[in-house]
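Engineer: I'd like to go over a predicted model; first the sequence, then the structure.
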Amino acid sequence: MLASSAVLRRQQFLIRSLGGYSYHSHQTRMQEVKSMGGNNLEADAENILRAITPTLDPRKHKGQAGKVAVIGGCREYTGAPYFAAISALKIGADLSHVFCTKDAAPVIKGYSPELIVHPILEESYSVRDEDKRTISSKVLAEVDKWMERFDCLVVGPGLGRDPFLLDIVSEILKHARKSNVPIVVDGDGLFLVTSSLDLVSGYPLAVLTPNVNEYKRLVQNVLGCEVNDEDAHEQLLNLAKQIGGVTILRKGKSDLISDGETVKSVSIYGSPRRCGGQGDILSGSVAVFVSWARQLILASDGNFTSSPRNPTVLGCIAASALLRKAASLAFKNNKRSTLTGDIIECLGTSLEDICPVH
Ligand SMILES: NC(=O)C1=CN([C@@H]2O[C@H](COP(=O)(O)OP(=O)(O)OC[C@H]3O[C@@H](n4cnc5c(N)ncnc54)[C@H](OP(=O)(O)O)[C@@H]3O)[C@@H](O)[C@H]2O)[C@@H](O)CC1
Ligand SMILES: Nc1ncnc2c1ncn2[C@@H]1O[C@H](COP(=O)(O)OP(=O)(O)OP(=O)(O)O)[C@@H](O)[C@H]1O
Ligand SMILES: [Mg+2]
């Protein structure tokens, strides 16, 4: 009951927040989405991106273009949550939060004053056994204060694998799900959900973004077999179906996306550099585009009939296209020395190339 009223409040808020779209621009964008063909495997990615990216409108206030939160960042990894959170801002979200461990927070704050950083997570090494229960309730209460304000959570970049920390994150996932907040699961978040599939199974607003290792583990655990590249589309479709219709973005030479109903690929030329962190840019980007696609669909009052029509699939397609385009531009400029930071610097130009500000 509590959950459903929260859901309703949230949906009403999203619909209200779309007041900034003019009727005409909204109708035009719906037409654009509808005209995208459904049968080709290769997604019409640039058109989808254009269709779901909101206009910049002076009547909008801060927050309406998206508020995302990254749950990640521990003693070892501070780069990954930073990359995800800053990418969300660079693409156009208004606010980007990071919930990380106490050690990681000053470092992440030091990278950027743009991020709102909450130093609240704890790892086993810093907690006595007898304090664990109190500490996890405190952490959950703190995250809950913010939960319904977020349009999307990204769970996992640079999270690490500490068992106590992962227990707390499991609870955060359950709360996000109750509040109907979309969740992008990446990195160590995938390590967690692969062994606790119930956390996401059957949740249509969950997106999993596995890399080659993470995908292999998922296939082995869920389908009980090895990755089959001969029949990659069918296997991905089956995997998404088995996890109850979550959306999976399988990263690789081409990105493959499925929600168990449809499979789409994005093969726009990217970069031959495989420096660490590109997946983190992708997870932050997916969060923003999923939020935007969902806003558009909620505002359409049931008139949304495009193919694909699932906001999580549309968001994955747009994010993949943008990241790959930015990577290609960064590689053109920097060749072998291309790093993740260079790609982030190209997100704005790439978005402008595809979807110029009028
Ligand atoms: N600049 C940064 O801060 C960046 C940080 N990053 C962050 O790093 C984290 C791991 O992500 P990744 O992409 O390295 O994992 P992946 O390719 O599955 O594994 C590679 C190999 O390593 C191993 N392994 C991993 N973790 C392990 C552990 N705790 N303990 C033991 N083994 C472990 C793994 O073994 P296996 O998974 O097979 O057990 C595999 O053999 C994740 O939080 C990500 O966000 C990245 O986003 C890049 C930029
Ligand atoms: N062989 C490839 N050719 C072209 N692009 C690729 C290739 N492999 C991955 N990519 C692109 O790089 C992006 C990141 O994928 P990758 O597999 O490197 O993620 P990851 O290992 O999770 O990254 P991270 O280091 O951030 O954890 C994906 O969107 C994908 O489009
Ligand atoms: Mg990764």
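Structural biologist: That came in fine, so what should we check first? Ligands and ions are numbered 1, 2, ... in the order given.
Engineer: looking at the stretch 101-250 of the chain, which residue is nearest ligand 2?
Structural biologist: The stretch 101-250 of the chain approaches ligand 2 most closely through residue 211 (3.3 Å), counting by CB to the nearest ligand atom. C-beta coordinates here come from the backbone N, C-alpha and C atoms, glycine included.
Engineer: may I have the phi/psi pair for that residue?
Structural biologist: Backbone torsions of residue 211, given as degrees, to the nearest 10, read phi -90, psi -170.
Engineer: so what's it closest to, chain neighbours aside?
Structural biologist: Nearest non-adjacent residue to residue 211, counting by CB to CB, 6 or more residues apart in numbering: residue 251, 5.1 Å away.
Engineer: quick one: that neighbour and residue 175, what's the gap?
Structural biologist: To residue 175, residue 251 is 27 Å away according to CB to CB, to the nearest Å.
Engineer: of these two, who's got more company?
Structural biologist: Comparing residue 251 with residue 175 by other CB atoms under 10 Å, the one with more neighbours is residue 251, at 19 against 16.
Engineer: now do the same contact list for that one.
Structural biologist: Listed by CB atoms under 8 Å, 6 or more residues apart in numbering, the contact set of residue 251 reads 209-212, 215, 279, 282.
Engineer: now do 7 Å
Structural biologist: By CB atoms under 7 Å, 6 or more residues apart in numbering, the contact list for residue 251 reads 209-211, 279, 282.
Engineer: for the helix or strand encompassing residue 237, name the packing helices and strands.
Structural biologist: Taking DSSP states H and E as the criterion, the element that holds residue 237 is helix 232-242. In this structure, helix 232-242 packs against helix 212-223, strand 247-250, strand 255-258, strand 263-266, with contacts taken as 3 or more CB pairs under 7 Å, 6 or more residues apart in numbering; DSSP states H and E.
Engineer: next helix or strand past the last one?
Structural biologist: Okay, so that is strand 263-266. Taking DSSP H and E, what comes next after strand 263-266 is helix 278-299.
Engineer: and that next one, what does it pack onto?
Structural biologist: Taking 3+ CB pairs under 7 Å, 6+ apart as the contact cut, helix 278-299 packs with helix 2-17, helix 45-52, strand 67-71, helix 79-91, strand 152-155, strand 183-185, helix 311-334, helix 340-345.
Engineer: which residues does the helix or strand hosting residue 120 contact?
Structural biologist: Assessed by DSSP H and E, residue 120 sits inside strand 116-121. Identification of contacts with strand 116-121 by CB under 7 Å, 6+ apart yields 95, 97-102, 105, 108-109, 139, 142, 165, 168.
Engineer: same deal with stretch 173-189?
Structural biologist: Residues contacting stretch 173-189 (CB under 7 Å, 6+ apart): 3, 6-7, 10, 72, 80, 140, 144, 147-148, 150, 152-161, 193, 199-200, 203, 205-209, 279, 283, 286-287, 290-291, 294, 312.
Engineer: can stretch 138-155 be found next to ligand 1?
Structural biologist: No: residues of stretch 138-155 are not located near ligand 1 by CB under 6 Å from any ligand atom, the shortest gap being 10.2 Å.
Engineer: start to end distance for that stretch?
Structural biologist: 19 Å (CA to CA, to the nearest Å).
Engineer: stretch 266-284 too?
Structural biologist: For stretch 266-284, the end-to-end distance is 17 Å (CA to CA).
Engineer: could you list the contact residues of this protein toward ligand 3?
Structural biologist: Residues of the chain lying near ligand 3 by CB under 5 Å from the ion: 187, 279.
Engineer: low-confidence stretches in the chain?
Structural biologist: 1-39, 304-305 (pLDDT under 70).
Engineer: name the nearest residue to the residue in the chain positioned nearest to ligand 3, ignoring sequence neighbours.
Structural biologist: Closest approach between the chain and ligand 3, counting by CB to the ion: residue 279, at 3.4 Å. Spatial nearest neighbour of residue 279, chain neighbours left out: residue 211 (5.6 Å); criterion: CB to CB, 6+ apart.
Engineer: right, and that neighbour touches residue 280 too?
Structural biologist: No: proximity of residue 211 to residue 280 does not meet the contact threshold set by CB atoms under 7 Å, at 10.7 Å.
Engineer: and the residue nearest the centre of the chain, how far from residue 241?
Structural biologist: The residue lying closest to the centre of the chain (CA atoms, centre = their mean) is residue 287, at 3.2 Å. Using CB to CB, residue 287 is found at 24 Å from residue 241.
Engineer: quick one: buried residues of stretch 120-135?
Structural biologist: 120-123, 127, 135 (16 or more other CB atoms under 10 Å).
Engineer: got a list of what the nearest residue to residue 291 once chain neighbours are set aside touches?
Structural biologist: Excluding its sequence neighbours, the residue lying closest to residue 291 (CB to CB, 6+ apart) is residue 151, at 3.8 Å. Counting by CB under 7 Å, 6+ apart, residue 151 touches 66-68, 291.
Engineer: just among those residues, which is most surrounded?
Structural biologist: Most surrounded of these: other CB under 10 Å gives residue 68, at 30 neighbours.
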